[in-house]
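> Using only what follows, build the 3D model:
(one chain, ligands or ions: 2)
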Amino acid sequence: MSDSPLKQGGARRRITVLGAGAWGSAVAIALAQRHDVLLWGRNGAVMAEMAAARDNLAYLPGCPFPPALAVGADFAAALAHAHGPGALLVAACPVAGLRPLLEQLKGRAIPNIVWLCKGFEYDTGLLPHQIVQQVLGGAVPGGALSGPSFAQEVARGLPCALTIASDSAALREDVVAAVHGGNIRVYASTDLVGVEVGGAVKNVLAIATGVADGLGLGLNARAALITRGLAEITRLGSTLGGQVETFMGLTGMGDLILTCTGDLSRNRRVGLGLAQGKPLATIVGELGHVAEGVPCAKAVRELARKLGVDMPITNAVAGVLFDGDLPQAMVARLLARDPRDEMAAGAAK
Ligand SMILES: NC(=O)C1=CN([C@@H]2O[C@H](COP(=O)(O)OP(=O)(O)OC[C@H]3O[C@@H](n4cnc5c(N)ncnc54)[C@H](O)[C@@H]3O)[C@@H](O)[C@H]2O)C=CC1
Ligand SMILES: O=C(CO)COP(=O)(O)O
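Numbering: from 1, shown residues only. Ligands and ions are numbered 1, 2, ... in the order given. Reported below is the predicted structural model:
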């Protein structure tokens, strides 16, 4: 990034990761190659087990913790760890956990807040940055770190590229300086809405692609779903104020391709399970992890309806998830839609 004004590399920092699921653990492992990292989880017994095994056996087995990674369940100690120049506080819980986690941070001295979750809040239809704004106000610099990044690969040190989106230039610089390097590239963006909408809606589309693949509809159908899915992301995202270029980038098309095609995706696996006729509760139970596309499908369907944005694939996924529609009927309904001009259908609304 020699041509970029953003700084990179340099000082060892103190970083706290709040949330010890697959993604929080993977990010903590990657950052502890270069920084002093504390991984906090809310369950004392689980964190004690993790500390003894030096491995997150439940959520990310087989990825040993580096020496600079400490783990614990003491919230005050976790916050105290994130101090000093360039310190970072990272929220690594699902969208459903973000509001309660932020409530715990209210009124405490924190350097900043970087969130990793992808989705719209189920009940309110809010994006993560709007939840942060509601709970913490504008006083704390914050940003979304997103992009195509399976936890298992990041924890193993395989290459990936992410985007930090924030209104704060200082926060963007801090995150790039701390995270960019080695096998991780970090790009910066000011388009918080665009980055968050891409990360949220791609999970719903991964469920759709899983359904199509599970029904054996072929690679042509998969490519069509991904491409028309990108049109849905772009329609909703630009209506909400995101930039079209963002949807063509890492957090839009990049993450959409990864999640729709990679069998490590939990959301794609939900779709594969639905195609086998499994009940949603069984699929989610077997996953043992969050599948953000499930609550997000409902939130996006309602938001799009309110805004008058056409999102047929999202609506079809929500129909299967919540209205008892059969996966085969979902496909038939999508195919039976009236023909339309490709580019006009991709424009806003
Ligand atoms: N796993 C992955 O490859 C990636 C996941 N993400 C996103 O990161 C978020 C978290 O995903 P995962 O860690 O994979 O999920 P996970 O299902 O593996 O783990 C979720 C963790 O969050 C914790 N949690 C839930 N509510 C909490 C709260 N209120 N306070 C503290 N901890 C809480 C749970 O105890 C659990 O440890 C999701 O929004 C996901 O979309 C983003 C990029 C990659
Ligand atoms: O967001 C992810 C990869 O970028 C992870 O996707 P899943 O939650 O579908 O596993």
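
> And stretch 160-170, what's buried?
160-166, 168 (16 or more other CB atoms under 10 Å). In short, each C-beta sits where N, CA and C put it, glycine included.

> count of neighbours near Pro85?
9 (other CB atoms under 10 Å).

> now it: how far from Ile15?
12 Å (CB to CB, to the nearest Å).

> got it, and Arg235?
Taking CB to CB, one finds Arg235 at 37 Å from Ile15.

> neighbour count winner among the two?
With neighbours defined as other CB under 10 Å, Arg235 and Ile15 compare such that Ile15 has more, 27 against 22.

> What does the pLDDT read for that one?
Model confidence at Ile15, given as pLDDT, is 98.

> And the helix or strand containing it, what does it pack against?
Ile15 belongs to strand 14-18 when assigned by DSSP states H and E. Contacts defined by 3 or more CB pairs under 8 Å, 6 or more residues apart in numbering; DSSP states H and E place strand 14-18 against helix 22-31, strand 36-40, helix 75-81, strand 88-91.

> Now these in CSV, please, with extra columns for mean pLDDT and mean neighbour count.
As requested, those are exported to CSV (pLDDT from 0 to 100; neighbours: other CB atoms under 10 Å):
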stretch, mean pLDDT, mean neighbour count
helix 22-31, 98, 26
strand 36-40, 98, 24
helix 75-81, 98, 16
strand 88-91, 98, 25
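
> Next one: Met248 from Thr234, what distance?
9 Å.

> now do Cys63
Where Thr234 is concerned, Cys63 sits at a distance of 35 Å (CB to CB).

> show me the residues around Leu303 that make contact.
120, 125, 236, 309 (CB atoms under 8 Å, 6 or more residues apart in numbering).

> For the strand or helix carrying it, give the mean pLDDT please.
Assessed by DSSP H and E, Leu303 sits inside helix 293-307. For helix 293-307, the mean pLDDT works out to 98.

> In the protein, which residue sits nearest ligand 1?
Here the residue of the chain nearest ligand 1 is Gly21; by CB to the nearest ligand atom that distance is 1.8 Å.

> If you tally nearby residues, what's the number for that residue?
The burial count for Gly21: 20, using other CB under 10 Å.

> got it, and Leu272?
By other CB under 10 Å, neighbour count at Leu272 equals 21.

> Quick check on the nearest residue to Gly199 once chain neighbours are set aside: phi, psi?
Leaving aside its sequence neighbours, Gly199 sits nearest to Lys118 (CB to CB, 6 or more residues apart in numbering; 3.7 Å). The phi and psi values for Lys118, taken as degrees, to the nearest 10, are phi -130, psi 110.

> my guess is Lys118 meets Ala92, correct?
No. The pair Lys118 and Ala92 fails to qualify as a contact (CB atoms under 8 Å) at a distance of 11.5 Å.

> Quick one: residues contacting the residue nearest to Gly199.
95, 146, 196, 199-200, 202-203, 255, 292.

> Among those, which lie within strands?
Those of the contacts of Lys118 mapping onto strands are Ser146, per DSSP state E.

> Of the contacts of Lys118, which ones also sit close to ligand 1?
The subset of those within reach of ligand 1, counting by CB under 6 Å from any ligand atom, consists of 95, 292.

> Please convert the contacts of Lys118 to TSV, extending it with neighbour count and distance to Ala51.
Shown next, in TSV, are the contacts of Lys118 (neighbours: other CB atoms under 10 Å; distance: CB to CB, whole Å):
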residue	neighbour count	distance to Ala51
Val95	24	27
Ser146	28	29
Glu196	29	33
Gly199	31	31
Ala200	28	33
Lys202	34	34
Asn203	29	31
Asp255	28	32
Glu292	24	28
